[in-house]
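>>> This is the structure alone, sequence omitted:
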């Protein structure tokens, strides 16, 4: 009979589909190894202060904190920038002194 092999093929199809669906779900949850270390997702709400970069020269000192470009003396919400150095920024966060530091992978050495 010709119908018997076709019946077995269609009978196994839901099992195969469920296995493929399970494997694709597991693969979707894996972290991307090619993603840059400084990557941050737009969809996630970021808590606290995050120092993203520092531009430091004799004439200009600028820090990017939570996506905001700030100079010494600038304020953002309850946070005021006190001092900007080459690798860190000192801020007053709601009256508390906090030092934000760049991670070592984010620091580019001068040539």
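Nice, thanks for sending it over. On a predicted model such as this, the values are computed, not experimentally measured, just so you know.

>>> What are the boundaries of the strands in this structure?
Assigned by DSSP state E, the strands in the chain fall at 51-56, 61-65, 68-71, 75-76, 79-84, 88-93, 96-101.

>>> backbone phi and psi for residue 59, please?
Residue 59 adopts backbone torsions of phi -100, psi -20, taken as degrees, to the nearest 10.

>>> Next one: it, what pLDDT does it get?
Note for residue 59: predicted pLDDT of 90.

>>> hmm, back to that, dump the strands of the chain into CSV; add distance to residue 36 and mean neighbour count as well.
C-beta: built from backbone N, CA, C; applies to glycine. Below are the strands of the chain laid out as CSV (distance: least, C-beta to C-beta, whole Å; neighbours: other C-beta atoms under 10 Å):
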stretch, distance to residue 36, mean neighbour count
strand 51-56, 12, 16
strand 61-65, 16, 19
strand 68-71, 20, 14
strand 75-76, 25, 14
strand 79-84, 24, 18
strand 88-93, 21, 18
strand 96-101, 19, 13
